[in-house]
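Engineer: fold the following.
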Amino acid sequence: MNPPPVYIAIVGGSGAGKSWLAERLQQCFGSQCARICLDSFYRDRSHHPAARRERLNYDHPRAIDWDRVQQFLHDTRAGRATFVPQYDFKTHSRKAPQLWEPKPVIVFEGLWLLSKAELRDEFDLSIFLDAPGWLRLRWRTARDLAERGRSAASVRQQFIAQVGPMHVRHVAPQRRFADVVLKQKIGKPEVDQVAGAICGLMQPAAAASGSAAMDFTKRDHSTL
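Structural biologist: Residues are numbered from 1 along each chain as shown. Predicted coordinates for the structure are as follows:
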């Protein structure tokens, strides 16, 4: 029987670099690693008129279908393939779900993965990306222009009205729950250190003996 996957949570504000770090970790572990984003679990808003969809607050944790998140974790921890929702940010609605196969390492990125105690317990290693607001706005603007068909003015307006205040209220407080805090600017040394910690978690002997990798992940709230 295969051991359960090692779950890694990458948390931080919008534009903090969560996807960048998740991609680098996936490159480190190749076919042994699978990525998932909390964005996939936004609630379907197709039943609302388009004008109302635009006014909803998508930067509050209640925008997420947490029951589906828990179902995903339950299925993948048991080694079962599961269907994951696919979210269309241009229409704020769900597309057809896709079958998702678990791997030995699962990297889960999202704004609020450490906001609930029962969810925090699901992760073997949690990382908080601590980036200043001006940098997060720059990266969010670049992403939304390229991927979500938005204007720079609308991105900035939303950041000031919703994203920033919701970050202070719901995202930043999670920093205290993270095993590791990474401050910008993150580079190869930090990626290698996180990858080393994950390697330690993948090896039961290392976990039992209290290796340096385990010290890094579960005993110190490290700031790099």
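Engineer: only C-alpha atoms from now on, for both contacts and neighbour counts.
Structural biologist: OK.
Engineer: how much space between G12 and Q157?
Structural biologist: 20 Å (Cα to Cα, to the nearest Å).
Engineer: return the backbone torsion pair for the residue nearest the centre of the chain.
Structural biologist: The residue lying closest to the centre of the chain (Cα atoms, centre = their mean) is E109, at 1.3 Å. The phi/psi pair for E109 (degrees, to the nearest 10) reads phi -110, psi 140.
Engineer: ok, G12 and Q157, which is more surrounded?
Structural biologist: G12 (28 against 11; other Cα atoms under 10 Å).
Engineer: go ahead and list the helix or strand containing L145.
Structural biologist: helix 133-147 (DSSP states H and E).
Engineer: just checking, the residue nearest to the centre of the chain touches I36?
Structural biologist: Yes - using Cα atoms under 8 Å, E109 makes contact with I36 at a distance of 6.5 Å.
Engineer: still on that earlier bit, buried residues in the helix or strand that the helix holding L145 is followed by?
Structural biologist: On the C-terminal side of helix 133-147, the nearest following helix or strand under DSSP H and E is helix 152-158. By 16 or more other Cα atoms under 10 Å, the buried positions in helix 152-158 come out as 155-156.
Engineer: could you do stretch 87-95 as well?
Structural biologist: For stretch 87-95, by 16+ other Cα under 10 Å, it's 87, 92-94.
Engineer: that older thread, residues contacting the residue nearest to the centre of the chain?
Structural biologist: 9-11, 18-19, 22, 35-38 (Cα atoms under 8 Å, 6 or more residues apart in numbering).
Engineer: and which of the buried residues of stretch 87-95 is nearest K103?
Structural biologist: Y87 (22.2 Å; Cα to Cα).
Engineer: can you pull the contacts of the closest one?
Structural biologist: 39-42, 44, 93-95.
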